[in-house]
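Colleague: Mind folding the following:
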Amino acid sequence: MKLVADAHIPYLEGALEPYFDEVLYLPGAEIANHHLVDADALLIRTRTHCNSALLEGTAIKFIGSATIGFDHIDTAYCAAKGITWTNAPGCNAGGVQQWVFAAMLTLLKQQNRLHSNLTLGVVGVGNVGKRVVATARAMGFKVLCCDPPRQRTEGISDFVDIDTLVQHSDIVTFHVPLNRAGAHKTYHMVSHELLAKFKRGAVLLNSSRGEVVNTNALKDAIDNGTISACALDVWEEEPHVNAQMLGRVSIVTPHVAGYSLEGKVNGTVMVVRALSQFFGFGAGSWFPTPNPLVPLREISVACGAQPTLEDVYTVVNQSYPILTDDEALRKNPENFEMLRNSYNLRRDFDGCQFDAGWTELFKPA
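Modeller: Numbers count the residues shown, from 1 in each chain. Modelled structure (predicted):
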(Lines give C-alpha, C1' and ligand atoms only; values in the text may rest on other atoms or scores of the structure.)
Protein backbone atom coordinates (compact mmCIF):
# COMPACT_ATOMS: atom_id res chain seq x y z
CA MET A 1 0.00 0.00 0.00
CA LYS A 2 1.09 3.59 -0.65
CA LEU A 3 0.42 6.82 1.22
CA VAL A 4 1.05 10.34 -0.11
CA ALA A 5 1.20 13.11 2.50
CA ASP A 6 1.82 16.83 2.76
CA ALA A 7 5.38 17.19 4.02
CA HIS A 8 4.33 20.06 6.30
CA ILE A 9 1.93 18.04 8.45
CA PRO A 10 3.88 18.03 11.73
CA TYR A 11 4.78 14.88 13.67
CA LEU A 12 3.49 12.68 10.86
CA GLU A 13 6.81 11.28 9.66
CA GLY A 14 7.33 7.82 11.15
CA ALA A 15 3.77 7.41 12.36
CA LEU A 16 2.41 5.44 9.41
CA GLU A 17 5.48 3.85 7.86
CA PRO A 18 4.79 0.59 9.76
CA TYR A 19 1.46 0.23 7.92
CA PHE A 20 2.39 1.26 4.34
CA ASP A 21 4.89 -0.16 1.86
CA GLU A 22 5.64 3.37 0.68
CA VAL A 23 5.08 6.81 2.21
CA LEU A 24 5.77 9.78 -0.07
CA TYR A 25 6.06 13.26 1.47
CA LEU A 26 5.61 16.27 -0.82
CA PRO A 27 4.82 19.99 -0.45
CA GLY A 28 1.02 20.25 -0.52
CA ALA A 29 0.83 22.51 -3.56
CA GLU A 30 3.06 20.14 -5.54
CA ILE A 31 1.03 16.95 -5.07
CA ALA A 32 -0.11 15.94 -8.56
CA ASN A 33 -2.16 13.26 -10.26
CA HIS A 34 0.84 11.16 -11.25
CA HIS A 35 1.88 10.86 -7.59
CA LEU A 36 -1.48 9.29 -6.75
CA VAL A 37 -1.99 6.78 -9.57
CA ASP A 38 -0.94 3.87 -7.33
CA ALA A 39 -1.64 5.53 -3.95
CA ASP A 40 -4.30 4.27 -1.55
CA ALA A 41 -4.46 7.26 0.80
CA LEU A 42 -3.76 10.98 0.82
CA LEU A 43 -3.14 13.22 3.84
CA ILE A 44 -3.25 16.96 3.13
CA ARG A 45 -3.72 20.52 4.31
CA THR A 46 -5.54 23.34 2.52
CA ARG A 47 -3.04 23.80 -0.29
CA THR A 48 -3.92 20.50 -2.00
CA HIS A 49 -7.14 20.82 -4.03
CA CYS A 50 -8.77 17.43 -4.20
CA ASN A 51 -10.84 17.52 -7.38
CA SER A 52 -11.20 15.48 -10.56
CA ALA A 53 -7.99 16.91 -12.00
CA LEU A 54 -6.02 15.55 -9.06
CA LEU A 55 -7.91 12.31 -8.38
CA GLU A 56 -9.23 10.96 -11.68
CA GLY A 57 -7.68 7.62 -12.58
CA THR A 58 -5.99 7.18 -9.20
CA ALA A 59 -6.33 4.43 -6.61
CA ILE A 60 -7.13 6.85 -3.76
CA LYS A 61 -9.65 5.40 -1.31
CA PHE A 62 -9.19 7.79 1.64
CA ILE A 63 -8.40 11.51 2.01
CA GLY A 64 -7.63 13.05 5.39
CA SER A 65 -7.21 16.81 5.78
CA ALA A 66 -5.50 17.96 8.99
CA THR A 67 -7.56 21.17 8.87
CA ILE A 68 -10.89 22.39 10.17
CA GLY A 69 -12.11 23.43 6.69
CA PHE A 70 -12.79 21.18 3.73
CA ASP A 71 -13.62 23.58 0.89
CA HIS A 72 -10.46 22.33 -0.86
CA ILE A 73 -12.09 18.89 -1.20
CA ASP A 74 -14.64 18.26 -3.96
CA THR A 75 -16.96 16.26 -1.76
CA ALA A 76 -19.44 15.55 -4.56
CA TYR A 77 -16.69 14.06 -6.72
CA CYS A 78 -15.46 11.96 -3.80
CA ALA A 79 -18.98 10.68 -3.15
CA ALA A 80 -19.42 9.75 -6.81
CA LYS A 81 -16.09 7.89 -6.86
CA GLY A 82 -16.53 6.19 -3.50
CA ILE A 83 -13.64 8.05 -1.88
CA THR A 84 -13.95 8.48 1.86
CA TRP A 85 -12.74 11.82 3.20
CA THR A 86 -12.38 13.38 6.61
CA ASN A 87 -11.16 16.63 8.10
CA ALA A 88 -10.24 17.67 11.65
CA PRO A 89 -13.07 19.88 12.93
CA GLY A 90 -12.15 21.99 15.93
CA CYS A 91 -8.50 20.89 15.92
CA ASN A 92 -7.13 24.46 15.96
CA ALA A 93 -10.01 26.22 17.73
CA GLY A 94 -7.73 27.28 20.59
CA GLY A 95 -5.24 28.89 18.22
CA VAL A 96 -7.93 30.87 16.39
CA GLN A 97 -9.47 31.90 19.71
CA GLN A 98 -6.07 33.27 20.75
CA TRP A 99 -5.60 35.07 17.40
CA VAL A 100 -9.01 36.76 17.75
CA PHE A 101 -8.26 38.22 21.15
CA ALA A 102 -4.68 39.15 20.29
CA ALA A 103 -5.92 41.01 17.20
CA MET A 104 -8.99 42.55 18.80
CA LEU A 105 -7.31 43.80 21.97
CA THR A 106 -4.31 45.14 20.04
CA LEU A 107 -6.61 47.12 17.73
CA LEU A 108 -8.67 48.44 20.64
CA LYS A 109 -5.50 49.50 22.45
CA GLN A 110 -4.30 51.32 19.33
CA GLN A 111 -7.64 53.13 19.27
CA ASN A 112 -7.60 53.82 23.03
CA ARG A 113 -10.87 51.87 23.38
CA LEU A 114 -9.92 49.22 25.93
CA HIS A 115 -13.07 49.46 28.00
CA SER A 116 -15.73 46.90 28.82
CA ASN A 117 -18.89 48.52 27.44
CA LEU A 118 -18.32 47.13 23.97
CA THR A 119 -20.35 44.67 21.94
CA LEU A 120 -18.70 41.80 20.06
CA GLY A 121 -20.58 40.19 17.18
CA VAL A 122 -19.63 36.58 16.43
CA VAL A 123 -20.71 35.26 13.03
CA GLY A 124 -20.50 31.48 13.07
CA VAL A 125 -20.75 29.82 16.48
CA GLY A 126 -19.14 26.44 15.90
CA ASN A 127 -16.01 25.01 17.51
CA VAL A 128 -14.11 28.31 17.25
CA GLY A 129 -17.04 30.67 17.71
CA LYS A 130 -18.18 29.00 20.94
CA ARG A 131 -14.77 29.53 22.48
CA VAL A 132 -14.66 33.17 21.35
CA VAL A 133 -18.13 33.78 22.82
CA ALA A 134 -17.27 32.22 26.19
CA THR A 135 -14.00 34.13 26.57
CA ALA A 136 -15.51 37.45 25.44
CA ARG A 137 -18.31 37.15 27.99
CA ALA A 138 -15.81 36.29 30.71
CA MET A 139 -13.92 39.48 29.77
CA GLY A 140 -17.07 41.59 30.14
CA PHE A 141 -18.06 42.09 26.51
CA LYS A 142 -21.68 42.02 25.49
CA VAL A 143 -21.89 39.33 22.79
CA LEU A 144 -24.26 38.94 19.86
CA CYS A 145 -24.29 35.63 17.96
CA CYS A 146 -25.35 34.82 14.41
CA ASP A 147 -25.42 31.26 13.09
CA PRO A 148 -28.45 30.55 10.85
CA PRO A 149 -27.73 26.80 10.42
CA ARG A 150 -27.52 26.25 14.18
CA GLN A 151 -30.47 28.52 14.85
CA ARG A 152 -32.60 26.56 12.39
CA THR A 153 -31.59 23.08 13.51
CA GLU A 154 -31.31 23.75 17.25
CA GLY A 155 -34.00 26.40 17.68
CA ILE A 156 -31.67 28.79 19.53
CA SER A 157 -33.78 31.76 20.49
CA ASP A 158 -31.13 34.31 21.47
CA PHE A 159 -29.22 34.29 18.17
CA VAL A 160 -29.80 37.27 15.88
CA ASP A 161 -29.74 37.75 12.11
CA ILE A 162 -26.61 39.16 10.56
CA ASP A 163 -28.12 42.58 9.82
CA THR A 164 -29.01 43.05 13.49
CA LEU A 165 -25.59 41.85 14.57
CA VAL A 166 -23.56 44.24 12.41
CA GLN A 167 -25.82 47.19 13.22
CA HIS A 168 -25.19 46.82 16.97
CA SER A 169 -21.64 45.46 17.24
CA ASP A 170 -18.47 47.45 17.89
CA ILE A 171 -16.36 44.48 16.76
CA VAL A 172 -17.40 41.74 14.31
CA THR A 173 -15.47 38.49 13.90
CA PHE A 174 -16.18 35.82 11.28
CA HIS A 175 -15.90 32.06 11.90
CA VAL A 176 -17.84 30.52 9.04
CA PRO A 177 -17.02 27.82 6.49
CA LEU A 178 -16.69 28.80 2.84
CA ASN A 179 -19.93 27.89 1.07
CA ARG A 180 -20.01 29.11 -2.52
CA ALA A 181 -23.73 28.41 -3.06
CA GLY A 182 -26.86 27.25 -1.30
CA ALA A 183 -29.09 28.51 1.47
CA HIS A 184 -26.12 29.29 3.71
CA LYS A 185 -23.79 30.77 1.12
CA THR A 186 -20.85 32.57 2.72
CA TYR A 187 -18.87 33.51 -0.39
CA HIS A 188 -18.66 37.34 -0.33
CA MET A 189 -21.14 37.50 2.54
CA VAL A 190 -19.21 40.62 3.63
CA SER A 191 -20.42 42.67 0.68
CA HIS A 192 -20.98 46.33 -0.08
CA GLU A 193 -24.58 45.85 1.04
CA LEU A 194 -23.71 44.26 4.38
CA LEU A 195 -20.87 46.67 5.15
CA ALA A 196 -23.24 49.60 4.61
CA LYS A 197 -25.23 48.29 7.60
CA PHE A 198 -22.26 48.09 9.98
CA LYS A 199 -22.13 50.34 13.00
CA ARG A 200 -19.92 53.22 11.93
CA GLY A 201 -16.37 52.88 13.21
CA ALA A 202 -16.64 49.14 13.74
CA VAL A 203 -13.66 46.79 13.94
CA LEU A 204 -13.69 43.77 11.59
CA LEU A 205 -11.77 40.50 12.03
CA ASN A 206 -11.62 37.65 9.53
CA SER A 207 -9.84 34.38 10.28
CA SER A 208 -12.27 32.08 8.43
CA ARG A 209 -11.67 32.11 4.66
CA GLY A 210 -10.51 35.00 2.50
CA GLU A 211 -13.38 34.63 0.03
CA VAL A 212 -15.91 35.35 2.79
CA VAL A 213 -14.99 39.04 2.37
CA ASN A 214 -15.38 40.97 -0.86
CA THR A 215 -11.99 42.70 -1.02
CA ASN A 216 -13.20 45.74 -2.98
CA ALA A 217 -16.14 46.23 -0.64
CA LEU A 218 -13.86 46.14 2.39
CA LYS A 219 -11.47 48.64 0.79
CA ASP A 220 -14.36 51.06 0.30
CA ALA A 221 -15.64 50.54 3.86
CA ILE A 222 -12.22 51.29 5.31
CA ASP A 223 -11.81 54.35 3.10
CA ASN A 224 -15.19 55.82 4.05
CA GLY A 225 -14.73 55.16 7.78
CA THR A 226 -17.40 52.52 8.21
CA ILE A 227 -14.63 50.15 9.31
CA SER A 228 -12.18 51.92 11.60
CA ALA A 229 -9.76 49.02 11.92
CA CYS A 230 -9.41 45.57 10.44
CA ALA A 231 -7.40 42.40 11.05
CA LEU A 232 -7.10 39.79 8.32
CA ASP A 233 -5.48 36.38 8.58
CA VAL A 234 -7.02 35.11 5.33
CA TRP A 235 -7.03 36.61 1.83
CA GLU A 236 -9.12 36.27 -1.29
CA GLU A 237 -6.26 35.31 -3.59
CA GLU A 238 -3.92 33.46 -1.24
CA PRO A 239 -1.01 33.22 -1.28
CA HIS A 240 -1.09 36.54 -3.17
CA VAL A 241 -1.69 39.48 -0.85
CA ASN A 242 -3.53 42.42 -2.37
CA ALA A 243 -1.12 45.36 -2.06
CA GLN A 244 -3.93 47.90 -1.68
CA MET A 245 -5.45 45.89 1.16
CA LEU A 246 -2.07 45.46 2.82
CA GLY A 247 -1.81 49.23 3.13
CA ARG A 248 -5.31 49.56 4.58
CA VAL A 249 -5.55 46.66 7.02
CA SER A 250 -4.37 47.37 10.56
CA ILE A 251 -3.16 43.84 11.37
CA VAL A 252 -2.14 41.31 8.71
CA THR A 253 -1.05 37.70 9.23
CA PRO A 254 -0.33 34.91 6.71
CA HIS A 255 -3.17 32.45 7.43
CA VAL A 256 -1.66 31.34 10.74
CA ALA A 257 -4.52 32.05 13.16
CA GLY A 258 -4.82 28.35 13.91
CA TYR A 259 -1.07 27.68 13.87
CA SER A 260 -0.62 26.77 17.49
CA LEU A 261 1.32 23.72 18.61
CA GLU A 262 -1.88 22.37 20.15
CA GLY A 263 -3.80 22.84 16.90
CA LYS A 264 -1.17 21.14 14.76
CA VAL A 265 -0.84 18.18 17.10
CA ASN A 266 -4.62 17.81 17.26
CA GLY A 267 -4.98 17.91 13.47
CA THR A 268 -2.32 15.27 12.89
CA VAL A 269 -3.69 13.01 15.60
CA MET A 270 -7.23 13.23 14.21
CA VAL A 271 -6.30 12.29 10.63
CA VAL A 272 -3.89 9.50 11.66
CA ARG A 273 -6.56 7.94 13.85
CA ALA A 274 -9.23 8.34 11.16
CA LEU A 275 -6.98 6.71 8.57
CA SER A 276 -6.22 3.89 11.00
CA GLN A 277 -9.91 3.28 11.57
CA PHE A 278 -10.64 3.27 7.83
CA PHE A 279 -7.94 0.71 6.97
CA GLY A 280 -8.14 -1.23 10.24
CA PHE A 281 -4.57 -0.41 11.31
CA GLY A 282 -3.34 -0.43 14.87
CA ALA A 283 -2.89 3.33 15.20
CA GLY A 284 -6.31 4.12 16.65
CA SER A 285 -4.83 5.66 19.80
CA TRP A 286 -1.70 7.14 18.21
CA PHE A 287 -0.12 10.24 19.72
CA PRO A 288 3.33 11.67 18.97
CA THR A 289 6.09 10.69 21.38
CA PRO A 290 7.59 12.30 23.26
CA ASN A 291 4.47 14.37 23.96
CA PRO A 292 5.20 17.82 22.39
CA LEU A 293 2.52 19.48 24.53
CA VAL A 294 4.46 18.95 27.77
CA PRO A 295 5.37 21.10 29.60
CA LEU A 296 2.90 24.00 29.43
CA ARG A 297 4.23 27.51 28.77
CA GLU A 298 4.14 29.67 31.91
CA ILE A 299 2.50 33.09 31.58
CA SER A 300 3.15 35.14 34.70
CA VAL A 301 1.25 38.41 35.05
CA ALA A 302 -0.18 39.45 38.40
CA CYS A 303 -3.96 39.75 38.42
CA GLY A 304 -5.90 42.14 40.64
CA ALA A 305 -9.31 41.37 42.08
CA GLN A 306 -10.99 42.86 39.00
CA PRO A 307 -8.58 42.96 36.06
CA THR A 308 -9.17 45.61 33.44
CA LEU A 309 -9.04 45.05 29.70
CA GLU A 310 -5.62 46.71 29.81
CA ASP A 311 -4.53 43.90 32.13
CA VAL A 312 -6.10 41.32 29.81
CA TYR A 313 -4.28 42.84 26.83
CA THR A 314 -0.96 42.51 28.69
CA VAL A 315 -1.55 38.80 29.31
CA VAL A 316 -2.76 38.06 25.78
CA ASN A 317 0.13 39.96 24.24
CA GLN A 318 2.57 37.97 26.36
CA SER A 319 1.04 34.72 25.09
CA TYR A 320 0.93 35.92 21.48
CA PRO A 321 2.53 39.23 20.36
CA ILE A 322 0.60 39.32 17.09
CA LEU A 323 2.37 42.38 15.72
CA THR A 324 5.48 40.23 15.23
CA ASP A 325 3.57 38.22 12.60
CA ASP A 326 2.16 41.44 11.15
CA GLU A 327 5.66 42.91 10.72
CA ALA A 328 6.99 39.76 9.06
CA LEU A 329 4.22 39.69 6.43
CA ARG A 330 4.40 43.43 5.72
CA LYS A 331 8.15 43.21 5.11
CA ASN A 332 7.85 40.33 2.66
CA PRO A 333 4.27 39.74 1.47
CA GLU A 334 5.63 37.68 -1.43
CA ASN A 335 6.86 35.16 1.17
CA PHE A 336 3.33 34.31 2.33
CA GLU A 337 3.75 30.54 1.86
CA MET A 338 7.24 30.48 3.31
CA LEU A 339 6.01 32.33 6.42
CA ARG A 340 3.26 29.73 6.84
CA ASN A 341 5.40 26.69 6.24
CA SER A 342 8.25 27.83 8.47
CA TYR A 343 6.01 29.28 11.20
CA ASN A 344 7.29 28.88 14.76
CA LEU A 345 4.21 27.23 16.27
CA ARG A 346 3.05 29.19 19.31
CA ARG A 347 1.34 27.82 22.42
CA ASP A 348 -2.34 28.77 22.50
CA PHE A 349 -4.35 29.36 25.68
CA ASP A 350 -4.71 25.59 26.22
CA GLY A 351 -0.93 25.29 26.16
CA CYS A 352 -0.34 28.02 28.73
CA GLN A 353 -0.20 27.88 32.50
CA PHE A 354 -1.54 31.18 33.82
CA ASP A 355 -1.15 32.77 37.23
CA ALA A 356 -4.09 32.33 39.57
CA GLY A 357 -7.13 34.32 38.49
CA TRP A 358 -6.49 34.15 34.75
CA THR A 359 -7.28 30.54 33.88
CA GLU A 360 -11.06 31.01 34.09
CA LEU A 361 -10.81 33.93 31.68
CA PHE A 362 -8.90 32.17 28.93
CA LYS A 363 -10.20 28.65 29.50
CA PRO A 364 -13.83 29.21 30.52
CA ALA A 365 -15.87 26.10 31.18
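Colleague: Now do the buried residues in stretch 281-300.
Modeller: 281, 283, 286, 288, 299 (16 or more other CB atoms under 10 Å). Any C-beta I mention is one placed from the backbone N, CA and C, and that applies to glycine too.
Colleague: which one of these sits closest to Glu237?
Modeller: Distance to Glu237 across the buried residues of stretch 281-300 (CB to CB) is lowest for Pro288, with 34.1 Å.
Colleague: can you pull the contacts of that closest one?
Modeller: By CB atoms under 8 Å, 6 or more residues apart in numbering, the residues touching Pro288 are 11, 15, 265, 268-269.
Colleague: sorry, back to before: the buried residues of stretch 281-300 in strands, which ones?
Modeller: Cross-referencing those against strands under DSSP state E gives Ile299.
Colleague: Redo the buried residues of stretch 281-300 as JSON lines? Include pLDDT and distance to Ala138.
Modeller: Output for those, formatted as JSON lines (pLDDT from 0 to 100; distance: CB to CB, whole Å):
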{"residue": "Phe281", "pLDDT": "94", "distance to Ala138": "41"}
{"residue": "Ala283", "pLDDT": "91", "distance to Ala138": "37"}
{"residue": "Trp286", "pLDDT": "97", "distance to Ala138": "34"}
{"residue": "Pro288", "pLDDT": "97", "distance to Ala138": "31"}
{"residue": "Ile299", "pLDDT": "93", "distance to Ala138": "16"}
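Colleague: Surely Arg200 is in contact with Ile227?
Modeller: No - the pair Arg200 / Ile227 is not scored as a contact, 9.0 Å apart, by CB atoms under 8 Å.
Colleague: Tell me which of these two has more neighbours.
Modeller: Ile227 (25 against 10; other CB atoms under 10 Å).
Colleague: Give me the neighbour count for the closest residue to that one other than its chain neighbours.
Modeller: Closest residue to Ile227 apart from its sequence neighbours, by CB to CB, 6 or more residues apart in numbering: Ala221 at 4.5 Å. Applying other CB under 10 Å, we find 25 residues neighbouring Ala221.
Colleague: Make sure Ala221 is indeed in a helix.
Modeller: Yes - the assignment for Ala221 is a helix, going by DSSP: H, G, I helix; E, B strand; the rest coil.
Colleague: correct me, but it touches Ala229?
Modeller: No - with contact defined as CB under 8 Å, Ala221 does not reach Ala229; the gap is 11.3 Å.
Colleague: per-residue pLDDT, the residue nearest to Ile227?
Modeller: Per-residue pLDDT puts Ala221 at 98.
Colleague: do the one 5 residues further on as well
Modeller: Here the pLDDT value assigned to Thr226 is 98.
Colleague: just the one 5 residues further on next, same as before
Modeller: According to the per-residue confidence, Ala231 scores 98 in pLDDT.
Colleague: Also Gly304?
Modeller: Gly304 is given a pLDDT of 66.
Colleague: next one: Ser157
Modeller: 88.
Colleague: How about Ala365?
Modeller: 63.
Colleague: All further residue positions should be reported with the first residue as 595.
Modeller: With the count now opening at 595, the last piece we talked about shows up as Ala959.
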